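# Please work out how this folds:
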Amino acid sequence: MKQFDKGWYIIYTKPRYENKLAEELRKMEIEAFVPAVNQKRKWHDRMKMVECVLFPSYVFVRLENASQLLNSSKAVGFVTYVKFGKLIARVRDNVIANVKMILKEAEGVQVSYQPFFSGAKVVILTGEFSGLECEIIDFEGEEKVLVRIDILNTSLLMNMPSDSLSVA
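Numbers count the residues shown, from 1 in each chain. Purely as a prediction, here's the structure:
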């Protein structure tokens, strides 16, 4: 029997079930991560800060064993695990760590689903993001730092002072 490869995986959920599923997984003692940011949203009569999920219909889970894999699939809101062919896709630990770090420290993080052409490869030299490899791209008329999340075909975009960057 093949040994279980513990680590981070991605669950595809029913629409708008990300937080409900994550809460149920936590009750099962399974670590769940739903990346979200606070954004201003305008209603017809007011502006309000709301928490917006960065990757709609996706929840990242850290599985320790095959029984957690099986139990998580029984949770309310679960649709399937993201797969490449017949294999369940595994997310590298450093990808999750980078997303957590960006959400903790950066302001104005945006998610884009459009494809970007390669820009100048840079490494962040100072601050909380020190050592993070990324690219410089032009997005909506502004130069931004791009961090790719290939497994979901998405990118995180943020502003970064140019004196904090070095060519990779």
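# Show me where the protein has its helices.
Per DSSP state H, the chain carries helices over the ranges 18-27, 66-72, 93-105.
# where does this structure have its least confident helix or strand?
In the chain, no helix or strand scores lower on mean pLDDT, DSSP states H and E than strand 110-112, which sits at a mean of 69.
# before we move on, back to that, for the helices of the chain, state which one has the densest average packing.
Highest mean neighbour count of the helices of the chain: helix 18-27, a mean of 18 (counted as mean count of other CB atoms under 10 Å). C-beta: built from backbone N, CA, C; applies to glycine.
# Can I get that helix in CSV, CA atoms only?
Listed next in CSV are the C-alpha coordinates belonging to helix 18-27 (Å, rounded to 0.1, in the frame of the first residue of the first chain):
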residue,chain,number,x,y,z
GLU,A,18,-15.8,28.3,1.6
ASN,A,19,-16.1,29.5,5.2
LYS,A,20,-18.8,27.0,6.2
LEU,A,21,-16.7,24.1,4.9
ALA,A,22,-13.5,25.4,6.6
GLU,A,23,-15.4,25.7,9.9
GLU,A,24,-16.7,22.1,9.6
LEU,A,25,-13.2,20.8,8.7
ARG,A,26,-11.8,22.6,11.8
LYS,A,27,-14.4,20.8,13.9
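# which strands and helices sit next to that helix?
The contact analysis (3 or more CB pairs under 8 Å, 6 or more residues apart in numbering; DSSP states H and E) places helix 18-27 against strand 31-33, strand 58-63.
# Check the gap between the closest residue in space to A89 that isn't next to it in sequence and V34 for me.
Distance criterion CB to CB, 6 or more residues apart in numbering; nearest residue to A89, sequence neighbours excluded, is V82 at 4.7 Å. Using CB to CB, to the nearest Å, we find V82 at a distance of 15 Å from V34.
# what do you get for N153?
Counting by CB to CB, the gap from N153 to V34 is 18 Å.
# Contacts for stretch 161-168, please.
A120, K121, V122, V123, I124, L125, T126, G127, F129, E133, I136, V145 (CB atoms under 8 Å, 6 or more residues apart in numbering).
# Quick check, the last one in contact with C134.
Meaning V145. Yes: taking contacts as CB atoms under 8 Å, V145 lies within contact range of C134: 4.8 Å.
# which one of the helices of the chain lies closest to K40?
Between K40 and these, the tightest spacing by CB to CB is seen for helix 93-105, at 17.0 Å.
# tell me the mean pLDDT for the closest one?
Predicted confidence along helix 93-105 averages 83 (mean pLDDT).
# got the angle for that helix vs strand 58-63?
120 degrees (axes from the mean of the first three to the mean of the last three CA atoms, to 10 degrees).
# Which elements pack onto helix 93-105?
strand 7-13, strand 142-149, strand 154-158.
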